[in-house]
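*Asks:* heads up, no residue letters with this:
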């Protein structure tokens with residue numbers, strides 16, 4: 001059985017996918033329908049839970065549990081953010097899928113480069129952020145930058161893209177079981 005770890009940004013103030021739980025739930029259902037034999041665990045700072053039951057009672061806040069899950073993961077998915085740095089604990093050849101909210105003039109290669117250094121597979125899903133999203137200008141490193149507060153994705157489209165990547169990659173011999 002393959003293990004997917006979804007890094008959630010719950011409680012974060014930036015790059016929060018407002019309909020993330022619905023995406024995870026739809027993806028989990030799609031895997032079941034296709035007999036994909038992929039188990040999804042959703043993580044937030046301090047909690048790990050099975051995606052089909054992401055309740056407080058089902059969550060574990062044990063760091064060892066989290067590290068055990070991520071060290072066995074063949075797939076790590078999440079919106080761009082510090083939580084993706086947990087790929088440091090992933091096995092070689094695992095697949096990292098980064099959901100990147102795109103705003104004008106935003107270029108970011110952090111996790112693509114880190115994946116390469118760690119010998120991980122990497123894919124990015126760019127999400128065009130529309131006017132409805134919260135885009136803020138901030139001052140950082142002596143320059144003005146734009147950041148995304150919360151945003152929503154098209155659930156069906158995002159699940160379809162994720163399924164396409166996962167199913168294509170899972171048929172290739174280099175994806176760890």
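*Replies:* Sure, I can see it. Quantities reported herein were computed from a predicted structural model and do not represent experimental measurements. Residues are numbered from 1 along each chain as shown.

*Asks:* and stretch 159-174, average pLDDT?
*Replies:* Averaged across stretch 159-174, pLDDT comes to 74.

*Asks:* Ok, stretch 120-138 next?
*Replies:* Stretch 120-138 comes out with an average pLDDT of 73.

*Asks:* tell me the strands in the chain, going along the chain?
*Replies:* Counting by DSSP state E, one finds strands in the chain at the ranges 2-7, 16-17, 38-44, 47-50, 75-79, 95-102, 121-128, 135-140, 143-148, 150-151.

*Asks:* Residues contacting the second one, please?
*Replies:* When contacts are taken as CB atoms under 8 Å, 6 or more residues apart in numbering, the neighbours of strand 16-17 outside the stretch itself are 9, 10, 23, 79, 99, 149, 150, 151, 152, 153. The way it works is simple: take the backbone N, C-alpha and C, and place the C-beta from them, glycine included.

*Asks:* For these, work out which two are farthest apart.
*Replies:* Using CB to CB, the pair of the contacts of strand 16-17 lying farthest apart is 23 and 149, separated by 17.9 Å.

*Asks:* Between those two, which is the more surrounded one?
*Replies:* residue 23 (21 against 16; other CB atoms under 10 Å).

*Asks:* How much space separates that one from residue 112?
*Replies:* Separation of residue 23 from residue 112 (CB to CB, to the nearest Å): 22 Å.

*Asks:* ok, now residue 124?
*Replies:* The spacing between residue 124 and residue 112, counted by CB to CB, is 7 Å.

*Asks:* what sits in contact with each of the two?
*Replies:* In contact with both residue 124 and residue 112: residue 98, using CB under 8 Å, 6+ apart.

*Asks:* Okay, buried residues for the longest helix seen in the chain please.
*Replies:* When the chain is parsed with DSSP state H, its longest helix is helix 155-170. Buried positions in helix 155-170, judged by neighbour count with 16 or more other CB atoms under 10 Å: 158, 159, 161, 162, 163, 165, 166, 169, 170.

*Asks:* re the thing from before, residue 68: which of the strands of the chain is closest?
*Replies:* With CB to CB, the closest approach to residue 68 among the strands of the chain belongs to strand 47-50: 9.0 Å.

*Asks:* which helices and strands does the longest helix of the chain pack with?
*Replies:* For helix 155-170, the packing partners by 3 or more CB pairs under 8 Å, 6 or more residues apart in numbering; DSSP states H and E come out as helix 20-33, strand 95-102, strand 121-128.

*Asks:* now the angle from the longest one to helix 155-170?
*Replies:* Between the axes of helix 20-33 and helix 155-170, defined by axes from the mean of the first three to the mean of the last three CA atoms, to 10 degrees, the angle is 50 degrees.
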